[in-house]
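> sequence and predicted structure, then a few things I'm wondering about:
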Amino acid sequence: MSYEELFEPITIGDVELKNRIAMAPMNMVYSDPDGYNSEQWSAWYAARAKGGFGLIITDCMVVNPYTWRGSDHLNPHLFTDERYGRGLGMLADNIHAFGAKVFIQLSPGFGRQGHASALTPHEPPGAPSAIPIKIDLRNFNKGWERQLVRMKPELKPVLDAIGGLEGLRKLTDEQYAQLEEAITAEIRKSDPNILKVVYGEVPRELTVDEIVFMEEKMAEMSLEALRYGYDGVEIHSPHGYLIHQFLSARSNQRIDEYGGSLENRARFLLNIIRKTRERIGPDRVLGARFSGDELMPDGVTHEEMCRFVELAAKEGLSYISISQGCYENPGAFAPDGESEMTEYGPGFKEASGGLPVMAPNFRTPKASAAAIAEGKVDIVALGRQATADPFWPAKVAAGREKDIVKCIRCNLCYMNLFEHRWLACEVNPTAGFERYMPELWRLNAPDVKKKVDKFMKRAEGLY
């Protein structure tokens, strides 16, 4: 099959994409310990650009210069000033050299899904309200269960005794509390650092001045990103991170102008969009990512999210990107299956007044093309699948569907993140080591290589 729907160009704002296949934003923790760009990051993105993705959306880059941003434990890119901009500008140039457009995803911080920085261990992360997260293991799916057992084999007999994942989900609150106590005691004894993943720190409530500062900083660094060569900006506002925490009444119990009513809970996001548009002008690409549904008791529903999307679109968004869930529902955050998140596409499309919509969680070209053909989304975004096979688009275009290396949904890449390890992939041995592959070096990018070859030809016989 040709899957021609995937290879039709599409225009977003002032940017034309050569196809409908994007690489979803993922933090692979390949930046250096201080948040600067690295050779590995450049090679990672070069592989996906070379592999035929029309659009690369970067990992979320945190613009907050203060350690209460809560993100340092996950070692993301930082973009707080020109010291970081130089390397990130080179990253954008490299992606372009290998044939893709690139949108930078910007974040004001991780909030209650973050942790205190190693630089200021006694200063908790800043959030809308002082409400910590707590992961309910009943929200695990097969991928997360597999990683839990990999890390803690001693827990397998416990899970087997209750019927595995299905048995875990059937436990009453009282039964689960007893199991949780036993599991927590075991983890506290063998690996207490993992407990920080399950039980978050109590965050500090942000002041209004701090919130306004972050609004301004997001706008400032959006303009800077475009100046450094990025084709567009995506606001990081999904699956339980800081902006999402303001949107959700579960995590936002403020009584000032940033809490309470839906309009007040939207204020932080809307101010970011408005102030950014004032800086970058009406035509440059500015998108935002939203959870279709928080999928938690008393969390943000799809109906509410559609209202947030409507308000945000009126402030000047160029496109909508979809996610779902949060850390407290990791099974929804990283589903076992394929294309589940497309269900939110029609609602977001209508709410936004017809803006282009993209959704992740695809593995096969058949499901990807169907989502576009059926009008559920305009662009498909590959996340874990792009990790498993960076050449997915090129293989589909060449009719080599059988050569695609499929993501097995083991969630090793996710768990490595929380283990503070170099991220790897069970089915792609090159993941994390792309910098050692000469074909991904900048001087071997197609247009650059022509210039290099011409330059070196004029030096023949001199060495």
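Yes, it's here. Numbers count the residues shown, from 1 in each chain.
> quick one: distance of the helix or strand hosting residue 348 to the chain centre.
Following DSSP states H and E, one finds residue 348 within helix 345-351. Centre-to-centre, helix 345-351 and its host chain are 21 Å apart (C-alpha atoms, centre = their mean, to the nearest Å).
> how about stretch 187-196?
The chain centroid and the centroid of stretch 187-196 are separated by 26 Å, computed with C-alpha atoms, centre = their mean.
> what's the span of it, first residue to last?
Start-to-end span of stretch 187-196 (C-alpha to C-alpha, to the nearest Å) is 11 Å.
> buried residues in that stretch?
Within stretch 187-196, the residues that count as buried by 16 or more other C-beta atoms under 10 Å are 187, 194. C-betas here are computed from N, CA, C, even on glycine.
> touching that stretch from outside, list them.
Applying C-beta atoms under 8 Å, 6 or more residues apart in numbering, the external contacts of stretch 187-196 come out as 73, 115, 151, 152, 154, 184, 198, 418, 419.
> are any of those residues buried, and if so which?
For these, buried by 16+ other C-beta under 10 Å: 73, 115, 152, 198, 418, 419.
> redo those residues as JSON lines? Include pLDDT and distance to residue 404.
As requested, the buried ones among the contacts of stretch 187-196 are exported to JSON lines (pLDDT from 0 to 100; distance: C-beta to C-beta, whole Å):
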{"residue": "73", "pLDDT": "87", "distance to residue 404": "34"}
{"residue": "115", "pLDDT": "94", "distance to residue 404": "37"}
{"residue": "152", "pLDDT": "82", "distance to residue 404": "32"}
{"residue": "198", "pLDDT": "83", "distance to residue 404": "35"}
{"residue": "418", "pLDDT": "86", "distance to residue 404": "28"}
{"residue": "419", "pLDDT": "86", "distance to residue 404": "28"}
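> contact partners of whatever helix or strand residue 449 lives in?
Secondary structure from DSSP H and E places residue 449 in helix 446-457. By C-beta under 8 Å, 6+ apart, the surrounding residues in contact with helix 446-457 are 97, 98, 99, 442, 443.
> run through the chain and note the low-pLDDT ranges.
Counting by pLDDT under 70, the ranges of the chain that qualify are 463.
> domains in it, by residue range?
Using automatic domain parsing, the domain parsing of the chain gives 4-117+205-438, 137-198.
> among those domains, which comes closest to residue 459?
domain 4-117+205-438 (20.0 Å; C-beta to C-beta).
> which among the contacts of helix 446-457 end up buried?
Among the contacts of helix 446-457, those scoring as buried are 97, 98, 99, 442 (criterion: 16+ other C-beta under 10 Å).
> relative to residue 431, which of those is nearest.
residue 98 (17.0 Å).
> distance check, the closest one against residue 7.
In this view, residue 98 and residue 7 are 18 Å apart by C-beta to C-beta, to the nearest Å.
> again with residue 449
25 Å.
> more neighbours, these two?
residue 7 (17 against 14; other C-beta atoms under 10 Å).
> what sits against the more buried one?
18, 19, 20, 397.
> which one of these has the most neighbours?
Going by other C-beta under 10 Å, residue 20 tops the contacts of residue 7 with 26 neighbours.
> skipping adjacent residues, who's closest to that residue in space?
Excluding the flanking residues, the one nearest residue 20 by C-beta to C-beta, 6 or more residues apart in numbering is residue 379, at 4.9 Å.
> from residue 91, how far out is that neighbour?
Shown here: residue 379 relative to residue 91, a distance of 21 Å by C-beta to C-beta.
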